[in-house]
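*Asks:* turn this into a model:
(chains A, B, C, D, E and F)
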Protein chains: 6
Amino acid sequence: MQLHLSTWAEVETYLKRSTGIIIPIGSTEQHGPNGLVGTDAICAEVFAREVGKVAEAMVAPTLSVGMAQHHLAFSGSMTLRPSTMIAVIRDWVASLSRHGFDRFFFLNGHGGNIATTTAAFSEIYAEASLAQPGHNLPSVRCMIKNWWEAPSAKRLSNSLFPGEEGSHATPSEVSVTFHAYPEAIKQAEMSPRVAPFGGFTDAADYRGRFPDGRIGSNPALATAAHGKTIMDAVVPELAESYKAFIGA
Amino acid sequence: MQLHLSTWAEVETYLKRSTGIIIPIGSTEQHGPNGLVGTDAICAEVFAREVGKVAEAMVAPTLSVGMAQHHLAFSGSMTLRPSTMIAVIRDWVASLSRHGFDRFFFLNGHGGNIATTTAAFSEIYAEASLAQPGHNLPSVRCMIKNWWEAPSAKRLSNSLFPGEEGSHATPSEVSVTFHAYPEAIKQAEMSPRVAPFGGFTDAADYRGRFPDGRIGSNPALATAAHGKTIMDAVVPELAESYKAFIGA
Amino acid sequence: MQLHLSTWAEVETYLKRSTGIIIPIGSTEQHGPNGLVGTDAICAEVFAREVGKVAEAMVAPTLSVGMAQHHLAFSGSMTLRPSTMIAVIRDWVASLSRHGFDRFFFLNGHGGNIATTTAAFSEIYAEASLAQPGHNLPSVRCMIKNWWEAPSAKRLSNSLFPGEEGSHATPSEVSVTFHAYPEAIKQAEMSPRVAPFGGFTDAADYRGRFPDGRIGSNPALATAAHGKTIMDAVVPELAESYKAFIGA
Amino acid sequence: MQLHLSTWAEVETYLKRSTGIIIPIGSTEQHGPNGLVGTDAICAEVFAREVGKVAEAMVAPTLSVGMAQHHLAFSGSMTLRPSTMIAVIRDWVASLSRHGFDRFFFLNGHGGNIATTTAAFSEIYAEASLAQPGHNLPSVRCMIKNWWEAPSAKRLSNSLFPGEEGSHATPSEVSVTFHAYPEAIKQAEMSPRVAPFGGFTDAADYRGRFPDGRIGSNPALATAAHGKTIMDAVVPELAESYKAFIGA
Amino acid sequence: MQLHLSTWAEVETYLKRSTGIIIPIGSTEQHGPNGLVGTDAICAEVFAREVGKVAEAMVAPTLSVGMAQHHLAFSGSMTLRPSTMIAVIRDWVASLSRHGFDRFFFLNGHGGNIATTTAAFSEIYAEASLAQPGHNLPSVRCMIKNWWEAPSAKRLSNSLFPGEEGSHATPSEVSVTFHAYPEAIKQAEMSPRVAPFGGFTDAADYRGRFPDGRIGSNPALATAAHGKTIMDAVVPELAESYKAFIGA
Amino acid sequence: MQLHLSTWAEVETYLKRSTGIIIPIGSTEQHGPNGLVGTDAICAEVFAREVGKVAEAMVAPTLSVGMAQHHLAFSGSMTLRPSTMIAVIRDWVASLSRHGFDRFFFLNGHGGNIATTTAAFSEIYAEASLAQPGHNLPSVRCMIKNWWEAPSAKRLSNSLFPGEEGSHATPSEVSVTFHAYPEAIKQAEMSPRVAPFGGFTDAADYRGRFPDGRIGSNPALATAAHGKTIMDAVVPELAESYKAFIGA
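*Replies:* Sure thing, here's the model as predicted:
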């Protein structure tokens, strides 16, 4: 079920059988020569939608702009400051816990979100942890799940794109978006074929090290068919993770 | 053009011919017995997408959770605190102005967003206004445009739903979402047929006054066909507004 | 009754018969060639004082610096950032609600305050709306009332200054201040006689469009006598608005 | 000169001969059985107005709600949180320094403001102190001056109210307000005649220790005539302090 | 007892006999030619440790970076913005009051901390003062104690360093650090022998007035032996202050 | 070199040969039946001090209270909210970068700090990444290094405490503190011998799952001798990490 396509009465009915919800979090940032600026948000959204069907879970709207300060030297990239993103996640969770949701499964499409999202969870928990006895704060449980760390995602990237998966603008994620939006498939020359690896700090530093935006990847290998293969394998695993989480 | 479906190089190319961008802002909140929780975000998103085509304008991702504190007594409603929403809009505009965008057309789907979004614009302008000479802050221009205030939107609501449009969970907005998502069309009894009008403060107050969530409306009149009629009429007007804005 | 001229015991007595309070909010900003920097604060203050007498209502101190970032290119103008002003209004309302006040009638003298003040109300309501059952947050009701939108204010500006009222540094508001502070009446040449109309963004943009600070007005028409006429007509209407509000 | 009663052009002219400004800061809080809730704001305002005349200095509007959390158990008392007050002072100083003011003389009417105002100065200075070379932040100088610490204020309180001045709701400050607002002179029994001394923490603690709000004082001794005596003696001293400050 | 060297069970046992705690707060900032950057933190820490022994009190970790914006033009100096320091003190007190501590004795080593720490106390108290009846906020009591204002500290500085104590980088505080860290004793020429006195604003202003960092002092007089003398005299007095505080 | 034991002139001299600095970050939180509340801060501090000697690096004061909300149900535990900790790290880095430091090596003693510290780095970088061309923000590089992930730390925990290291209140960290503070060695019965493993959310949840505070560990195995063995092995590896970092 998608929250956006439900009435409030339907949400109320859902809450009688489950208090879990999937929240897709992505990013809006450059993804190399042929990757879409929305890659991470699209991946989070389509995985969440399919996982929601399999697990019969409610799916919240996608948090489509995340923490991506390091990509800002490439046109179209957007970021929330970590302090802003913490406030946003706090407000989303507070809103939903007002209705009785208490298991928040953040299905994540972007590595840069992990630290800030985890810090946001602590900010939320800290309210209850610092409160005196007698408080009426809700007891919530939050989890962040990176789709690309599902066992089958790792296995497939190894078999489909051996040595060319990399860590940003990967053929896996680009494939998923090509599968989701075939009308937006792009072609681009990759030079060098496989991008360099490395660390980075701010946007200027990043662009100096990774001139076309990729890290360690060759997304020219991406195809919509590979995207379908990946989704078919990964969705059931994520659904199992979700079910284990809400049962915990 | 949708930012999410573009590569960074395509965004860079776009910026050579235009520095304007459309940002759809919606809300995630109850919309009465047959309206979708995502109504306002969906409307903003589909109007923005079509206006973007007509005006050949870049369209940012949708800010799908807005300021909707008054709806929180109905399941599924979500809100950002105004202070959080100001921080979010500030970060979005700062990110995009980093690339050279300087005309921000917020296409709005939710009345509750107006005050906070306008305050956010002032927060952004204040940085430059308070700065000493010699600052390097960008000169940006922001505008909020409510789709339901387009002349044809008002005309059509009068002719299609005379006396039953209301101000929340209106047949107009519900029609647009039914046109956009025919698979999510809902049926519900309305009792009374037309909901009461009035003001409100917080969520408990709102629910006490408007027990099924509607204000002044009869969304049982909504149809996908009406939604198409509305979109066909309103999109060109919004496109003209956008063009006038970026030419200003 | 003015809060500033009461003892705490008198306030306690007042609260036994009413929980309403009038809060004048103004601004400190340029008002063209002959208008006072304090025009908006003075108008809010003198209207509130007279309305308080008529309606037998408590009147809080004047919030004399509001949201006026767009005027900062003219000497003497002051602003609160919207985020600061939200915090101030939150603290004022929290303080007064601690004593039992629960109807807050913000009598406003400045258009630039409207969005931020409305956002502040939502910030306050959101605390209660987001809270779990069992919270002890007060139930408050806030309203912003612009004196210049009272029916008689509009009628008089049309009859006294036809076509020359404008929207900033208007002859109406300047007249009210001349009535209130006859010792501060100023003379100045207006060139052009009636200032241009238009929109604006930040302070530099504003000054570029409106070189002497006025928008659409000819405040050379202002007189203390007109100010008295306006006050005599408007005060009873505002008093009725207040009474309707606290009875709601 | 009062900023509120000047035009922007007059402020611009003033800035050619001086970049100093007096900012009265007061408080809105209980002042015992016969003291006005506005005592501290009234004192700051009337001292500032007179000092402005003597020193030919610009006087800003009064910051009439300060840091008074400890008085909130008495009706009518209002407070800004320290963090809010720091933001307000930062915005006021930033606004005025935009025009060229760089000497800020905070004429203070309330002991509870001292720590927060001093912290606000450090917050402002810290911006420049933390900035890298090449910044364009203004170089400003702030000072807080408590009127009751002027030598003549101490001398007069000793001679007029020996042993009964105390530290809150003092006969000196109440006298100044009776002189300023003779129409608001109040009578009240004091029991005990002289209130107890002591420290305090939050509002409940304060009220437990000082049941009628006074600390160490007997404000039944206050008269308008004493208020005039105090003002006549203190104003010239404060004017000298101001002149020394802007010459520093 | 030092909190850092206790187990949680030992802290639990301590709380059965006392709810008081000593929190050393210092600073990390230049201390002239021969003073250590950590002087204020070291003094606060060693005084707190010894006072803890005498008074059998729990001693928290040292807040070693305080409010020192004015020293930032000298290498190694660090500061918290006042707004940050208020948040830190709020979190420390909230954490400890969670366990039942309710008497917080801030043993201070740095004059620049006083205003901000006092403002932080008000920020904490304001939460309770602004809350409606029925809140569950703890009732806490905070105090700041400057070690150099103990009677014996003043007496010894007068007798050991007559006319050369000054107010920053004093021979007293440097002596205490030399006693605490004999391995870090430094030698440096003082020119002039006694530094000038005066006020200051931001870091650039400070360095312009006090080129080697000292104010009014001659720390060449500092010795470890003097440090021991000072500690031996001051510790018992501070212990008495602490006991009086927790008994209040 | 320790910053606290240096003069500002010595820091200035150091900056001529290196712009790197080690910042120990720890935590103040329960560490099971025999572990010290200060375990994580002590470990970070003593490792940093020794690494500083080997690498001839400047060592900042220890940030001794970190993000430990989950431990607050055990007496003595303290936390910064993530949003506070981000502000603290931002101020520390801003202060030090003012002097020319630009390589910040955070030597970490607490797993709970990782997400928030990483988010803080992004908050710092975001300032530069969002700034327009021409800004004068410094280019800094931050790194967090967990001492227990050094290869020899993992190897030794496996060989010294096979299967009993766990993840909180580990025999390794307790051994290091016993080596550092032999006077604070504690004895306690462990029941069960090895604590359970698992996840957690807020403080109440944590205490429910881990009744004596340990996770997966048997710290009864800790000895000061093991602590020395660990330090002797780990310090050189951390020194190499630091050197690699500042050379990057």
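
*Asks:* give me the residue from chain A nearest chain C.
*Replies:* For chain A, the residue closest to chain C is residue A:136, as judged by Cβ to the nearest Cβ, at 4.1 Å. C-beta: built from backbone N, CA, C; applies to glycine.

*Asks:* count the residues that sit near residue A:228.
*Replies:* 15 (other Cβ atoms under 10 Å in any protein chain shown).

*Asks:* give the contact list for it.
*Replies:* Taking Cβ atoms under 8 Å, 6 or more residues apart in numbering or on different chains, we find residue A:228 in contact with residue A:179.

*Asks:* what about the strands in chain A?
*Replies:* Along chain A, the stretches classed as strands by DSSP state E are A:20-25, A:58-59, A:103-108, A:141-146.

*Asks:* tell me the pLDDT at the nearest residue to the residue of chain A closest to chain C once chain neighbours are set aside?
*Replies:* Nearest in space to residue A:136, with sequence neighbours left out and distances taken as Cβ to Cβ, 6 or more residues apart in numbering or on different chains, is residue C:134 at 4.1 Å. On the pLDDT scale, residue C:134 is placed at 86.

*Asks:* do the same with the one 3 residues further on
*Replies:* Looking at residue C:137, its pLDDT reads 94.

*Asks:* I'd say it and residue C:131 touch.
*Replies:* Yes - at 5.8 Å, residue C:137 counts as touching residue C:131 under the criterion of Cβ atoms under 8 Å.

*Asks:* run a quick neighbour tally on the closest residue to residue A:135 other than its chain neighbours.
*Replies:* Distances taken as Cβ to Cβ, 6+ apart place residue E:136 nearest to residue A:135, at 6.1 Å, with adjacent residues excluded. Using other Cβ under 10 Å, residue E:136 has 12 neighbouring residues.

*Asks:* which residues does residue E:136 contact?
*Replies:* A:131, A:132, A:133, A:134, A:135.

*Asks:* can you list phi and psi of it for me?
*Replies:* Dihedral pair for residue E:136: phi -120, psi 30, per degrees, to the nearest 10.

*Asks:* ok, now how distant is it from chain F?
*Replies:* 15 Å (Cβ to the nearest Cβ, to the nearest Å).

*Asks:* quick check: that residue vs residue E:98, distance?
*Replies:* Distance, residue E:136 to residue E:98, by Cβ to Cβ, to the nearest Å: 12 Å.

*Asks:* residues in chain A within reach of chain F, list them.
*Replies:* Residues of chain A lying near chain F by Cβ under 8 Å from any Cβ of the partner chain: A:67, A:69-70, A:72-73, A:79, A:81-83, A:86, A:112, A:114-116, A:118-123, A:125-126, A:128-130, A:139-142, A:199, A:201-205, A:248.

*Asks:* which of the residues you listed fall in helices?
*Replies:* Counted as lying in helices by DSSP state H, out of the residues of chain A next to chain F, are A:82-83, A:86, A:114-116, A:118-123, A:125-126, A:128-130, A:203-205.

*Asks:* mind checking which of those residues are buried?
*Replies:* A:82-83, A:86, A:114-116, A:118-123, A:125-126, A:128-130, A:203-205 (16 or more other Cβ atoms under 10 Å in any protein chain shown).

*Asks:* pLDDT below threshold where in chain A?
*Replies:* By pLDDT under 70, chain A has no low-scoring segment.

*Asks:* quick check: residues of it near chain E?
*Replies:* A:129, A:130, A:131, A:132, A:133, A:134, A:135.

*Asks:* 10 Å - rerun?
*Replies:* A:126, A:129, A:130, A:131, A:132, A:133, A:134, A:135, A:136 (Cβ under 10 Å from any Cβ of the partner chain).

*Asks:* for the second one, which non-adjacent residue is spatially closest?
*Replies:* Nearest-residue entry for residue A:129: residue F:203, 3.7 Å, with adjacent residues in sequence omitted and distances by Cβ to Cβ, 6+ apart.

*Asks:* roughly how far does the one you found sit from residue F:212?
*Replies:* 15 Å.

*Asks:* redo the contacts of residue E:136 as TSV? Include distance to residue A:51 and neighbour count.
*Replies:* Listed next are the contacts of residue E:136 as TSV, based on distance: Cβ to Cβ, whole Å; neighbours: other Cβ atoms under 10 Å in any protein chain shown:
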residue	distance to residue A:51	neighbour count
A:131	33	19
A:132	39	13
A:133	38	6
A:134	38	9
A:135	33	16
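
*Asks:* among these, which one lies nearest to residue A:193?
*Replies:* residue A:131 (55.4 Å; Cβ to Cβ).

*Asks:* now do the phi/psi pair for the closest residue in space to the closest one that isn't next to it in sequence.
*Replies:* If you skip the residues right next to it in sequence, residue A:131 has residue A:137 as its closest partner in space, 5.8 Å away by Cβ to Cβ, 6+ apart. Torsion angles at residue A:137 (phi, psi; degrees, to the nearest 10) stand at phi -70, psi 140.

*Asks:* which residues touch residue A:137?
*Replies:* A:94, A:97, A:124-125, A:127-131, C:131-132, C:135, F:202 (Cβ atoms under 10 Å, 6 or more residues apart in numbering or on different chains).

*Asks:* how far away is it from chain E?
*Replies:* As judged by Cβ to the nearest Cβ, residue A:137 and chain E stand 11 Å apart.

*Asks:* repeat that for residue A:110.
*Replies:* 28 Å.

*Asks:* residue A:168 too?
*Replies:* Separation of residue A:168 from chain E (Cβ to the nearest Cβ): 33 Å.

*Asks:* perfect, I'm done here.
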